[in-house]
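Okay, here's the prediction I keep looking at, along with the sequence it came from:
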Amino acid sequence: MSREAKISLIGLANWNPDLFDDFNWPDAFSQDDDPLDKDAFLDELFSQTAELEILYPDPALMQRLLASWSKVRLPVWNHLWETTQYTYNPIENYDRTEEGTDTDTHSGTDSFGNSVTHTGTDTNTSTPDTAHYEAAYDSVASGDSDGLVKSYQDTGEIVNATVYGSAETTGGTQTHGHKITRGHGLHVHGNIGVMSSQDMIKQEREIAMFNLYDTMIDEFKQRFCILVY
């Protein structure tokens, strides 16, 4: 029994060298530093599909379908690539930052009903507390039970302003108004204990195995190849 001839992707590319000219490449293939290489991708694609029959053996039709398919998949490929560029600590699973400003305003009058303020300004800036560190529950270092690293910063400005009223009488009792504005910040991060550092390292290894080349090639084979060897 004779075996029917089949056309592979390499055969189509040899027939039509412009097969991928209209292909929509993810940003990672077209940046200035070229983190991903088009020629390397095509070489790997041809290699992995060499034994597979192509679903559409017409070179012109295949070129058009490749352009349309890659345009549809492009947002997904770009998003997948962005996930490889995140910056984070792989053995921390908690990161919270708080910022806020508290304002406390008081007014006052003298015993004759006049508003009392003062044109002078006093400024007081607090010194930030030094950061202290607390070890995770499974760490060999000693520390508090929540296993978080906490950095405190407390900066503020205290302003006292008093302007005397237009009518003053000797012997009057004066109460000065004041306004206090204080800013504060808190950054809490670390391992809260729901997962050990060793488990997070295992997950990080799985992330390291992700490869956009392989993802795109697998999608191509599912879409354009007859997966019968």
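Here it is on my side, so go on.

so how many other residues sit close to residue 185?
Residue 185 has 14 neighbours, counted by other C-beta atoms under 10 Å. For glycine as for every other residue, the C-beta is placed from the backbone atoms N, C-alpha and C.

how is this structure carved up into domains?
Using automatic domain parsing, the domains assigned to the chain come out as 9-84+210-226, 94-195.

Comparing these, which yields the minimum mean pLDDT?
When the domains of the chain are ranked by mean pLDDT, domain 94-195 comes last with a mean of 55.

Spell out, range by range, the strands that occur in the protein.
Along the chain, counting by DSSP state E, strands occupy 53-54, 94-106, 117-118, 132-133, 148-159, 162-163, 178-190, 225-226.

quick one: contacts of the last one?
When contacts are defined by C-beta atoms under 8 Å, 6 or more residues apart in numbering, strand 225-226 is touched by residues 9, 49, 52-55.

rerun at 6 Å
Outside strand 225-226, the residues that touch it by C-beta atoms under 6 Å, 6 or more residues apart in numbering are 49, 52-53, 55.

For PyMOL, write the selection for the buried entries among those residues.
In PyMOL, a selection of the buried entries from these looks like this (16 or more other C-beta atoms under 10 Å):
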select buried, resi 49+52+53
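
Pick the one among the contacts of strand 225-226 closest to residue 197.
residue 49 (40.9 Å; C-beta to C-beta).

I'd guessed that closest one sits against residue 9; true?
Yes. Counting by C-beta atoms under 6 Å, residue 49 does reach residue 9; the two are 4.6 Å apart.

Longest helix in the protein, by number of residues?
Criterion DSSP state H: the longest helix present in the chain is helix 59-83.

Show me what residue 226 bridges to in the sheet.
Residue 226 forms beta bridges with residue 53, as assigned by DSSP bridges.

And residue 183, by the same measure?
With DSSP bridges as the rule, residue 183 is bridged to residue 101, residue 155.

what sits up against stretch 75-87?
26-28, 212.

residues of that stretch that come out buried?
77, 80-81.

Closest one to residue 197 out of the residues you listed, please.
Nearest to residue 197 among the buried residues of stretch 75-87, with distances taken as C-beta to C-beta, is residue 80, at 26.6 Å.

From residue 66, how far off is the closest one?
19 Å (C-beta to C-beta, to the nearest Å).
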